[in-house]
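> Let's see this in three dimensions:
(2 chains)
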Amino acid sequence: MNWLIAILQGALFIALAPLLAGWLKYCKCRLQNRKAPSLLQPYRDLIKLSNKKPVVSDHASWLFITAPYLIFSATALAATVVPLVVVDLPTSASADVIVMVGFFAFARFFLALAGLDIGTAFGGMGSSREMTISSLAEPAMLMAIFTLTMTASTTNLSGAIAHVLNEGLVLRPSFVFALFALILVAVAETGRIPVDNPATHLELTMIHEAMILEYSGRYLALIEWASQLKLMLYGVLIANIFFPWGISETLNPKDLGYGLVAILGKLALLAIFLAIAETLVAKMRLFRVQEYLSFAYLLGLLGMLSHIILEASR
Amino acid sequence: MNIEQTDFYTQAILSMAALIGLTSFLMLGQSRLLRLIFVFALQGFLLTLTTSLAAHSLHNPHLYISAALTLILKVIFIPWMLRREVLHMNIHRDVQTLKNKTFIMLGGASLMVFSYYVLHPIVQTTAPVMLNALAVSLSVVLLGMLLMISHRQAVAHVVGFMSIENGLFFAAIVATKGMPMVVELGIAFDVLVAAVLFGIFFLHIRSSIDSLDVDLLNRLNEIEK
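Sure, this is the predicted structure:
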């Protein structure tokens, strides 16, 4: 029963990811006085792409073709680690948060390799930029996550969420810092606006799009889906770690339904904030990104320090 | 004493202390004047929140008045005046190069450690919360001084001075659970007078050396070289 729910939750995660991307796009269009595409447009795009015949360069090696599958499955596995509707499932008990970061790193490694594999200038440039940014973003993210795990004294995500949930409303300075740090990292890692613009293919500024420029057809669909999944993963992480109220702790259908409604509401709200931020903020120069990420790291570090100084027992 | 065992007021005060400490560090590292003024207004706003929180949970209605004064003076009036000055002087596009930015930030961090070290003995007489709040406010005071030393623009000096006052005010609210009204009104008007005086100083510095960069004052000499 547990495993069934776990698999269902993973499937739900994967199925809902394009919807979140569609909702985000909808909010952004409305804020910019444009007419928004339907919420289901990302699904239609994915179906259209997977029905098309992929074009692969003669110079591509096997890596280029395998990479999309690896990226998608690694991201999907990472999604099963994160509790979406219910805590304490066998999948989230088997892997902790460091494994999740490891899955991200694995997917990114293959994405960067695939960008290099084809030998175009843009692919290599995109890969090098992606690695630069992620090498700065990963420590900041781990710092923010460690603040949480030190509070809950476990690295297991569902254990940590259950701890926050059972403790009730405790206002922790360290969580405020960790929340800001994680938001900054999430924006950088999912390639949203101040760091990268997912909507354009402008040569000099693109990062994520540069790496996947050569992909088409079903390969492109898989990579797009994986990046939508990653966006949703970060959203769920932020929503469930810092505002876990509503997530189900039992397996009875009523609680599960309540948990589903709660997480959908939280994600919808988070997407609205993200859309507002993306409308207000201009994209940064590439060389400013390290300042941005070092600020995120600073916040993470401050979170950790304020946990030790302000909150720990003495 | 864990944070879970304290009441909500203490938790909120701790969070506010942490955020106020963060704004002090942000001010220290800021190289653009308008952003510096914005962060200063943010600190004032956090202070307003703290004061109204104290007023609410300690049932001390006259603290609301001092919260309102803080809001009007430190969040609206003084930032507005400084901003107008900066825009008027047309120095808002100048990026002020901080010499040894890393050293300044490290110095700020060590000042924070120093304030914890100095205040540690008080744990024996009061709650541990008081140590944190007082240490943060002492370090806000010291960081304000460091800001005045490290920046060259007169506007930044004023911001540093006012943030010293913010630190003292925070300590006063947390430690005494509300000062007598007379003292608070006095401080508020001191700040107001200081702001007006600084405005006059700006006028004079500008008319004599045509800049607000205080390093240029070193070139003023009695004797022609």
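> Can you give me the distance of A:Tyr26 to A:Ile263?
19 Å (CB to CB, to the nearest Å). C-beta here means a position set from N, CA and C on the backbone, and glycine is covered the same way.
> Neighbour count: the two, which is higher?
More crowded of A:Tyr26 and A:Ile263, by other CB atoms under 10 Å in any protein chain shown: A:Ile263, with 24 against 18.
> which SSE is A:Leu49 in?
Secondary structure assignment for A:Leu49, by DSSP states H and E: helix A:41-51.
> can you list contacts of the helix or strand following that helix?
Note on helix A:41-51: by DSSP H and E, the next helix or strand toward the C-terminus is helix A:62-81. Around helix A:62-81, the neighbours that count as contacts under CB atoms under 8 Å, 6 or more residues apart in numbering or on different chains are A:6, A:9-10, A:13-14, A:56-57, A:91-92, A:95-97, A:99-100, A:103-104, A:106-107, A:110-111, A:113-114, A:117-118, A:157, A:214-215, A:218-220, A:222-223, A:225-226, A:229-230, A:232-233.
> Of the residues you listed, which count as buried by neighbour count?
A:6, A:9-10, A:13-14, A:91-92, A:95-97, A:99-100, A:103-104, A:106-107, A:110-111, A:113-114, A:117-118, A:157, A:214-215, A:218-220, A:222-223, A:225-226, A:229-230, A:232-233 (16 or more other CB atoms under 10 Å in any protein chain shown).
> Which of those residues fall within helices?
A:6, A:9-10, A:13-14, A:91-92, A:97, A:99-100, A:103-104, A:106-107, A:110-111, A:113-114, A:117, A:157, A:218-220, A:222-223, A:225-226, A:229-230, A:232-233 (DSSP state H).
> Alpha carbons of the helix or strand of chain A with the lowest mean pLDDT, in CSV - could you do that?
Ranked by mean pLDDT, DSSP states H and E, the weakest helix or strand in chain A is helix A:90-94, scoring a mean of 81. Taking C-alpha atoms only, helix A:90-94 is exported to CSV below (Å, rounded to 0.1, in the frame of the first residue of the first chain):
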residue,chain,number,x,y,z
PRO,A,90,9.2,4.2,1.6
THR,A,91,10.8,6.1,-1.3
SER,A,92,11.6,9.2,0.8
ALA,A,93,12.8,7.0,3.6
SER,A,94,15.3,5.2,1.3
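> what sits up against that helix?
With CB under 8 Å, 6+ apart, helix A:90-94 has contacts from A:Asn2, A:Trp3, A:Ala6, A:Gln9, A:Gly10, A:Thr80, A:Val81, A:Val82, A:Pro83, A:Asn156, A:Leu157, A:Ser158.
> residues contacting the third one?
Applying CB under 8 Å, 6+ apart, one finds that A:Ala6 lies in contact with A:Thr80, A:Leu89, A:Pro90, A:Thr91, A:Ser92.
> between those, which is nearest A:Val195?
When the contacts of A:Ala6 are compared for distance to A:Val195 (CB to CB), A:Thr80 wins out at 26.8 Å.
> Compute the number of surrounding residues for the closest one.
23.
> Quick check on A:Arg285: phi, psi?
phi -60, psi 150 (degrees, to the nearest 10).
> quick one: pLDDT of it?
Listed pLDDT for A:Arg285 reads 86.
> residues near it, how many?
Quick note: A:Arg285 (other CB under 10 Å) scores 9 neighbours.
> Would you check how far apart it and chain B are?
14 Å (CB to the nearest CB, to the nearest Å).
> quick one, what contacts the closest residue in space to A:Ala271 that isn't next to it in sequence?
Nearest in space to A:Ala271, with sequence neighbours left out and distances taken as CB to CB, 6 or more residues apart in numbering or on different chains, is A:Leu24 at 4.5 Å. Residues counted as contacts of A:Leu24 (CB under 8 Å, 6+ apart) are A:Leu231, A:Ala271, A:Leu274, A:Ala275.
> and the gap between A:Leu24 and A:Glu224?
Per CB to CB, A:Leu24 is found 14 Å from A:Glu224.
> where does the stretch 101-250 of chain A come near chain B, residue by residue?
Residues of the stretch 101-250 of chain A lying close to chain B by CB under 8 Å from any CB of the partner chain are A:Glu167, A:Leu169, A:Val170, A:Leu171, A:Arg172, A:Pro173, A:Ser174, A:Val176, A:Phe177.
> Now for the fifth one, how many residues are close by?
What it means is A:Arg172. A:Arg172: 26 neighbours (other CB under 10 Å).
> In contact with it, which residues?
Taking CB under 8 Å, 6+ apart, one finds A:Thr151, A:His307, A:Glu311, B:Ile3, B:Gln11, B:Ser15 in contact with A:Arg172.
> Break down chain B into its helices, ranges please.
Under DSSP H, chain B gives helices at B:8-29, B:33-57, B:62-70, B:78-89, B:101-119, B:128-150, B:154-176, B:181-209.
> check contacts around the residue sitting nearest the centre point of chain B.
The residue lying closest to the centre of chain B (CA atoms, centre = their mean) is B:Ser163, at 1.2 Å. B:Ser163 makes contact with B:Ser24, B:Met27, B:Phe40, B:Gln43, B:Val140, B:Leu143, B:Gly144, B:Leu147, according to CB under 8 Å, 6+ apart.
> which regions of chain B sit below the pLDDT cut-off?
For chain B, residues meeting the criterion pLDDT under 70 lie at B:1-3, B:94-98, B:178, B:224-225.
> Enumerate the residues of it near chain A.
So far as CB under 8 Å from any CB goes, chain B lies against chain A at B:1-4, B:8, B:11-12, B:14-15, B:17-19, B:22, B:116, B:123, B:128, B:132.
> just to revisit the earlier point, remind me what the helix holding A:Leu49 packs against, helices and strands.
Counting contacts by 3 or more CB pairs under 8 Å, 6 or more residues apart in numbering or on different chains; DSSP states H and E, helix A:41-51 packs against helix A:2-31, helix A:217-242.
> wait, which of those helices is closest to A:Tyr292?
Here helix A:217-242 is closest among the helices and strands packed on helix A:41-51 (CB to CB), at 16.1 Å.
> ok, then the element right after that closest one?
Scanning onward from helix A:217-242 (DSSP H and E), the first element met is helix A:253-280.
> Packing partners of that next one?
Counting by 3+ CB pairs under 8 Å, 6+ apart, helix A:253-280 packs on helix A:2-31, helix A:217-242.
> buried stuff in it?
Buried residues in helix A:253-280 (16+ other CB under 10 Å): A:255-256, A:259-260, A:262-264, A:266-267, A:270-272, A:274-275, A:278.
> Turn the contacts of helix A:90-94 into CSV, columns for pLDDT.
Output for these, formatted as CSV (pLDDT from 0 to 100):
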residue, pLDDT
A:Asn2, 84
A:Trp3, 87
A:Ala6, 89
A:Gln9, 90
A:Gly10, 91
A:Thr80, 89
A:Val81, 89
A:Val82, 90
A:Pro83, 89
A:Asn156, 89
A:Leu157, 88
A:Ser158, 87
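> ok, these vs B:His151, which is closest?
Among the contacts of helix A:90-94, and counting by CB to CB, the member closest to B:His151 is A:Leu157, at 43.7 Å.
> Surely A:Leu213 and A:Gly124 touch.
No: A:Leu213 sits out of contact with A:Gly124 when judged by CB atoms under 8 Å, with a separation of 11.0 Å.
> what's around A:Ser94, how many residues?
12.
> Tell me the spacing between it and A:Leu8.
Distance, A:Ser94 to A:Leu8, by CB to CB: 17 Å.
> Can you report how many residues lie near A:Met131?
Neighbours of A:Met131 (other CB under 10 Å): 15.
> quick one: what helix or strand has it in it?
Applying DSSP H and E, one finds A:Met131 within helix A:121-152.
> of the residues of chain B next to chain A, buried ones?
By 16+ other CB under 10 Å, the residues of chain B next to chain A give B:Ile3, B:Gln11, B:Ala12, B:Leu14, B:Ser15, B:Ala17, B:Ala18, B:Leu19, B:Leu22, B:Tyr116, B:Pro128, B:Asn132 as buried.
> Alright, that wraps it up for me.
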